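Trainee: Return a 3D structure for these sequence lines:
(one chain, ligands or ions: 1)
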Amino acid sequence: MIIVIDFGSQYNQLIARRVRENRVYCQIEPPGIDVDTIRSLKPDGIILSGGPASIYEKNSPGIDPAIFDLGIPVLGICYGMQFMMHTLGGKVTRAKKREYGFAALGICDSGGLFEGIEANTTCWMSHGDSITALPDGFAITAATDNTPIAATANPRKRLFGLQFHPEVAHTPAGGRMLKNFLFEICGCRRTWTMKTFARHTIAQIRDAAGDKKVILGLSGGVDSSVAAVLIHKAIAARLTCIFVDNGLLRQNEAGRLKTLFKQHLHLNIRYVNASRLFLTALEGVVDPERKRKIIGKIFMDVFESEAKKIKGAEFLAQGTLYPDIIESQSAFGGPTSIIKSHHNVGGLPKKMKLKLIEPLKLLFKDEVRALGSELGLPDELVWRQPFPGPGLAIRIIGEVTPARLRVLRNVDAVLLEEIRTAGYYKKVWQSFAVLLPIKSVGVMGDKRTYENIVAIRAVTSKDAMTADWARLPQKLLAKISNRIINEVSGVNRVVYDISSKPPGTIEWE
Ligand code: XMP
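Mentor: Okay, here's the model as predicted:
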């Protein structure tokens, strides 16, 4: 395995992904980690990530220099390289010119990291400081016009530094450099597969849960579904899933999910229809944040009262993913500054005195999908687009009423059918309809109409942090619009949302 030390780079998750794509397990750790812990993890190699700090800033992050004497290969990237150079006796100075973007890279040592890479290639730079003197035992291995020491190596001690970012797609030979580090330098083997992960995790869950019962909140999304199937394989009927129908799901979703989970996946499910509770509480509510709060609170109450009926439950399972863990960990340990608020049932385990089981906490989203397929989940679940916890309530701008829910569900069903038929369901991150709180004038069969407007939103994204509006073909948009206006009574106008995130958000509320 490989350890990535998180110096706060926006790319540190990307480094971990690149390593895992090579089927080598990789874990991100904060700089505060001590050398004994590192030794006990037995890594084959260590990567020091980049970061926004300058080595000369007060409180700039650093790791115990003893890692350079462990005999384990270390690759420093950008700030990670500067930290290595500075610590081992080299010199880092503020560059006259910041270097940002593409740079032509001339390689002067074709071995080590650069084995099999052409002498002239390009790389992606993003730094203010530069190395101006190397520590003993290091040699220059590559340079750019602005950065005479763009790469360095001490082959005897197996220490390497890259001033540029090999993990981003803008460094075309970066993948090969990382491969060289993993396989030629660290001697890693390709053993990280979803099959072995599933086997280990199922055994771990069995050990952890013993003969106790586990409860899981099933939403129908990929994460909770995969977590449920994994735990079910470990402890079978001792897992009880609670599925709360909040009355805010898409057309026929609740029924379809119920059948899928019960009949196809044989999960032990408690289906709670709490629609009335949710819809009554939402009467007259227009403010988006109030909608969210009301829905969150009722969900917790319903879930808790249902969970209490399961006697002898000691564990609560959640489908928390690796990015959530890194972000909350970074908030305390590492210097990464982005903190995303979770949508999980965060307060529940404490309140109900339950211990947590989070079997997916080492995985990225695409790995969860691969695991789902490995476990035999149908494509319909594995490739589901994300759906927000507050559901259609935040896609009905203004008050949520049964009548308006009906209109939106019908519109959304047409939209999804067309998106699926055209092969765009998997290509876009999310696609959905939004019901607006205004009416507009139209003409239908020679008669004046005064009806609802719906907006169609389809976005491409990697992680929902940023998104762009999907360039759906005009022919497809025309068909969607035509069908909606003809088939859904109460709608006479369809518009397409062409805003990106930022500055827009994916959802309208
Ligand atoms: P925004 O609208 O912030 O959405 O760009 C980013 C992603 O998060 C989903 N989303 C939510 N999910 N509870 C959830 O569980 C929420 O309150 C919520 N709000 C937004 C949204 O669908 C998108 O995937």
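Trainee: Alongside the ligand, which residues does the protein contribute?
Mentor: Residues of the chain lying close to the ligand (Cβ under 6 Å from any ligand atom) are 292, 343, 386, 388-390, 430, 464, 501, 505-507. C-betas here are computed from N, CA, C, even on glycine.
Trainee: Among those residues, which lie within helices?
Mentor: Residues of these located in helices (DSSP state H): R292.
Trainee: now the residues of the chain next to the ligand: which count as buried?
Mentor: Buried residues within those, defined by neighbour count using 16 or more other Cβ atoms under 10 Å: 292, 388-390, 430, 464, 501, 506-507.
Trainee: what's the residue nearest to L408 when sequence neighbours are not counted sitting at in phi/psi?
Mentor: Residue nearest to L408 in three dimensions, not counting chain neighbours: L435, with 4.4 Å by Cβ to Cβ, 6 or more residues apart in numbering. Main-chain torsions, L435, degrees, to the nearest 10: phi -100, psi 120.
Trainee: and L435, what is it in contact with?
Mentor: Shown in contact with L435 (Cβ atoms under 8 Å, 6 or more residues apart in numbering): 395-397, 404, 407-408, 411, 452, 454.
Trainee: now do A467
Mentor: Counting by Cβ under 8 Å, 6+ apart, A467 touches 429, 459-461, 500-501, 506.
Trainee: Can you list the low-confidence ranges for the chain?
Mentor: Within the chain, the segments meeting pLDDT under 70 span 325-349.
Trainee: report the longest strand in it, please.
Mentor: For the chain, the longest strand by residue count, based on DSSP state E, is strand 91-107.
Trainee: After it, which helix or strand is next?
Mentor: strand 120-133 (DSSP states H and E).
Trainee: Show me what that next one packs onto, helices and strands only.
Mentor: helix 79-87, strand 91-107 (3 or more Cβ pairs under 8 Å, 6 or more residues apart in numbering; DSSP states H and E).
Trainee: ranking those by burial, who's on top?
Mentor: helix 79-87 (a mean of 25; mean count of other Cβ atoms under 10 Å).
Trainee: And the helices in the stretch 201-350 of the chain, which stretches?
Mentor: 222-235, 253-259, 275-281, 288-308, 322-332, 348-351 (DSSP state H, counting those that start in this stretch).
Trainee: hey, where'd the strands end up in the stretch 151-300 of the chain?
Mentor: Per DSSP state E, counting those that start in this stretch, the stretch 151-300 of the chain carries strands over the ranges 151-154, 159-162, 213-217, 239-245, 269-273.
Trainee: Identify the residues contacting the fourth one?
Mentor: It refers to strand 239-245. Residues contacting strand 239-245 (Cβ under 8 Å, 6+ apart): 213-220, 228, 231-232, 254, 257-258, 261, 267-275, 299, 302-303, 306-307, 310, 313, 317.
Trainee: Indicate the residue of the stretch 1-150 of the chain located nearest to the ligand.
Mentor: In the stretch 1-150 of the chain, the residue that lies nearest the ligand is Q13 (16.9 Å; Cβ to the nearest ligand atom).
Trainee: on contacts alone, who are the packing partners of the strand or helix carrying that residue?
Mentor: Secondary structure assignment for Q13, by DSSP H and E: helix 12-21. Packing partners of helix 12-21 (3+ Cβ pairs under 8 Å, 6+ apart): strand 2-5, strand 26-29, helix 174-179, helix 322-332.
Trainee: if you set the cut-off to 6 Å instead, what comes out?
Mentor: Helix 12-21 sits against strand 2-5, strand 26-29, with contacts defined as 3 or more Cβ pairs under 6 Å, 6 or more residues apart in numbering; DSSP states H and E.
Trainee: Distance to F243 and mean neighbour count added to those, as a markdown table?
Mentor: Below are the helices and strands packed on helix 12-21 laid out as a markdown table (distance: least, Cβ to Cβ, whole Å; neighbours: other Cβ atoms under 10 Å):
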| stretch | distance to F243 | mean neighbour count |
| --- | --- | --- |
| strand 2-5 | 37 | 26 |
| strand 26-29 | 33 | 20 |
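Trainee: can you tell which of those is closest to D366?
Mentor: Among these, strand 26-29 comes nearest to D366, with 14.3 Å by Cβ to Cβ.
Trainee: Sheet-wise, list the partners of that closest one with their directions.
Mentor: Sheet pairing here is set by DSSP bridges, and for strand 26-29 it gives strand 2-5 (parallel).
Trainee: before we move on, the earlier item: which elements pack onto the longest strand of the chain?
Mentor: So strand 91-107, by 3+ Cβ pairs under 6 Å, 6+ apart, packs with helix 79-87, strand 120-133, strand 139-143.
Trainee: what sits against the closest residue to I63 other than its chain neighbours?
Mentor: Leaving aside its sequence neighbours, I63 sits nearest to P31 (Cβ to Cβ, 6+ apart; 4.7 Å). Counting by Cβ atoms under 6 Å, 6 or more residues apart in numbering, P31 touches 5, 61, 63.
Trainee: What strand or helix carries the last one?
Mentor: It refers to I63. Using DSSP H and E, no helix or strand contains I63.
Trainee: Any chance of the backbone angles for it?
Mentor: phi -120, psi 160.
Trainee: same deal with T505?
Mentor: According to degrees, to the nearest 10, T505 has phi -110, psi 170.
Trainee: how close does it sit to P388?
Mentor: T505 sits 11 Å away from P388, going by Cβ to Cβ, to the nearest Å.
Trainee: so what's the residue of the stretch 151-300 of the chain found nearest the ligand up against?
Mentor: Nearest to the ligand in the stretch 151-300 of the chain, going by Cβ to the nearest ligand atom, is R292, at a distance of 5.1 Å. Applying Cβ under 6 Å, 6+ apart to R292 gives the contacts P390.
Trainee: go on, T201?
Mentor: Contact analysis of T201 by Cβ under 6 Å, 6+ apart lists P359.
Trainee: Any figure for the gap between it and Y56?
Mentor: According to Cβ to Cβ, T201 and Y56 sit 44 Å apart.
Trainee: again with F114
Mentor: Taking Cβ to Cβ, one finds F114 at 29 Å from Y56.
Trainee: Settle it for me: which of those two has more neighbours?
Mentor: More crowded of F114 and Y56, by other Cβ atoms under 10 Å: F114, with 23 against 12.
Trainee: Tell me what the closest residue to that one other than its chain neighbours is bridged to.
Mentor: Distances taken as Cβ to Cβ, 6+ apart put I107 closest to F114, at 4.9 Å, once the chain neighbours are dropped. Listed by DSSP bridges, the beta-bridge partners for I107 are A142.
Trainee: so I107 sits right up against G116, yeah?
Mentor: No. Counting by Cβ atoms under 6 Å, I107 does not reach G116; the two are 10.9 Å apart.
Trainee: so can I have a markdown table of the helices and strands packed on helix 12-21 showing distance to V168?
Mentor: Output for these, formatted as a markdown table (distance: least, Cβ to Cβ, whole Å):
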| stretch | distance to V168 |
| --- | --- |
| strand 2-5 | 15 |
| strand 26-29 | 17 |
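Trainee: Most tightly packed of the helices of the stretch 201-350 of the chain?
Mentor: By mean count of other Cβ under 10 Å, those have helix 222-235 as the most buried, with a mean of 24.
Trainee: Run the angle between that one and strand 239-245 for me.
Mentor: 150 degrees (axes from the mean of the first three to the mean of the last three Cα atoms, to 10 degrees).
Trainee: switch to numbering from 9
Mentor: Got it, the first residue is 9 from now on, which makes the last one we talked about helix 230-243.
Trainee: now helix 230-243: how far from the chain's centre is it?
Mentor: Chain-centre distance of helix 230-243: 18 Å, with Cα atoms, centre = their mean, to the nearest Å.
Trainee: And stretch 417-433, by the same measure?
Mentor: Distance, centroid of stretch 417-433 to centroid of chain: 25 Å (Cα atoms, centre = their mean).
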